[in-house]
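[1] Okay, structure incoming, though there's no sequence with it:
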């Protein structure tokens, strides 16, 4: 919750959250400590997890093959547990650019990218990403050439998606740590591409 | 794709109903979300596919590469 330092009464959703949580604790279904630990876990998941996967795929062709064939199993191999998430990695190539949206709600590969940005959940992005992806990408500063095909992936059900961006030229010989540092969250949603500073 | 508009918790977006696409892959079998949302078991599990639609098929007047595509997860009972 945002602490502004100023007293404000709870809004509707905050009140619902507190009431439900207190009821669950009172009935012995969960403890306050479990709730706090889960929130802590959620906060600790950041896009660096996804960037590690991408950097490893760039460095190890065999891992990349496995990632594209079965994203969930490949992540488990890296020690990244992705329960309740069937991961589909989609690969950007010189001919195809991929981007991810969830038009129905806000499905997102949280285990790899953490909490989604607000714009990902906005009605604007969700409705326009499927209808006019090129205009949306241009607003993110990504102008794709007409000859490049765009594939928009709508996460409507049980799969979660990760874009595997193209490794930029000029990164030959880089370590996985160096590579991971140029893979931003937006690159893995497909609204940006990695660049060398 | 079937073009029907039942009430309830439906994971098939409106914009894709009645459109034609090509199955990209079979994802496996998953609990039926329309049943799960009613607190039922979701059984029998339904095969889930990823279906690729050309943007020009989905949106008349689409501007962009004619091979631009949308890929959507669709449960088998929504295919026809």
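    Now that the structure is in, tell me what you want to look at. Every value quoted in this text rests on a predicted model; they were computed, and no experiment measured them.
[2] make it CA atoms for all contacts and neighbour counts henceforth
    OK.
[3] Could you pull up the mean pLDDT of stretch B:18-32?
    Model confidence over stretch B:18-32, given as mean pLDDT, is 95.
[4] Do a quick rundown of the strands in the chain.
    Defaulting to chain A. Taking DSSP state E as the criterion, chain A contains strands spanning A:86-91, A:96-101, A:149-154, A:159-164.
[5] To clarify, I was referring to chain B.
    Using DSSP E, strands in chain B cover B:22-30, B:46-54, B:69-75.
[6] Comparing those strands, which comes out most buried?
    For those, the stretch with the most neighbours on average is strand B:69-75, a mean of 25; neighbours defined as mean count of other CA atoms under 10 Å in any protein chain shown.
[7] For residue A:52, find the nearest of the strands of chain B.
    Among the strands of chain B, strand B:22-30 comes nearest to residue A:52, with 24.9 Å by CA to CA.
[8] Tell me which strands the closest one pairs with, and in which orientation.
    Strand pairing for strand B:22-30, determined by DSSP bridges: strand B:46-54 (antiparallel).
[9] residues making contact with the partner strand?
    Contacts of strand B:46-54 from elsewhere in the structure, counted by CA atoms under 8 Å, 6 or more residues apart in numbering or on different chains, are B:19-32, B:66-77.
[10] now that strand, how far from the centre of its chain.
    Averaging C-alpha positions (CA atoms, centre = their mean, to the nearest Å) puts strand B:46-54 6 Å from its chain's average.
[11] What residues does chain A have near chain B?
    Chain A has residues A:103-104, A:130-132, A:134, A:146-159 near chain B, with proximity defined as CA under 8 Å from any CA of the partner chain.
[12] interface residues of chain B facing chain A?
    Residues of chain B found near chain A (CA under 8 Å from any CA) are B:11-13, B:30, B:59, B:62-65, B:67-74.
[13] what's the neighbour count on residue A:29?
    Residue A:29 sits with 9 neighbouring residues when counted by other CA atoms under 10 Å in any protein chain shown.
[14] Then residue A:137?
    Residue neighbour count, defined by other CA under 10 Å, stands at 17 for residue A:137.
[15] Equivalent analysis for residue A:5, please.
    Using other CA under 10 Å as the criterion, residue A:5 is surrounded by 6 other residues.
[16] per the record, what domains does chain A have?
    Chain A resolves into domains spanning A:12-44, A:48-189 when parsed by automatic domain parsing.
[17] Need the distance between the two termini of the last one.
    Put plainly, it is domain A:48-189. In terms of CA to CA, to the nearest Å, the two terminal residues of domain A:48-189 are separated by 13 Å.
[18] same deal with stretch A:148-167?
    Start-to-end, stretch A:148-167 (CA to CA) is 17 Å.
[19] now stretch A:103-120
    First-to-last distance for stretch A:103-120 - CA to CA - comes to 10 Å.
[20] Need the residues that contact it.
    The set of residues that contact stretch A:103-120 without belonging to it, under CA under 8 Å, 6+ apart, is A:42-50, A:81-82, A:85, A:87, A:101-102, A:121, A:125-127, A:130, A:154-156, A:160-162, A:185, B:11, B:13.
[21] Tell me where the model's unsure across the chain.
    No chain specified, so I'll use chain A. Of all residues in chain A, those with pLDDT under 70 make up the ranges A:1-4, A:83-85.
[22] how about the helices of it, start to end?
    Along chain A, the stretches classed as helices by DSSP state H are A:12-26, A:32-44, A:48-59, A:61-69, A:71-77, A:110-113, A:118-121, A:123-131, A:133-139, A:176-180, A:185-189.
[23] neighbouring contacts of the longest one?
    By CA under 8 Å, 6+ apart, the list of residues contacting helix A:12-26 from outside reads A:30-32.
[24] excluding its backbone neighbours, what's nearest residue A:89?
    Taking CA to CA, 6 or more residues apart in numbering or on different chains as the measure, residue A:89 lies nearest to residue A:162, with 4.8 Å between them; neighbours along the chain are not counted.
[25] Surely the one you found is in contact with residue A:186?
    No: with the criterion set as CA atoms under 8 Å, residue A:162 and residue A:186 do not qualify as a contacting pair; they are 10.5 Å apart.
[26] Of those two, which one has the most company?
    The neighbour count for residue A:162 versus residue A:186, taken as other CA under 10 Å, is higher for residue A:162 (28 against 17).
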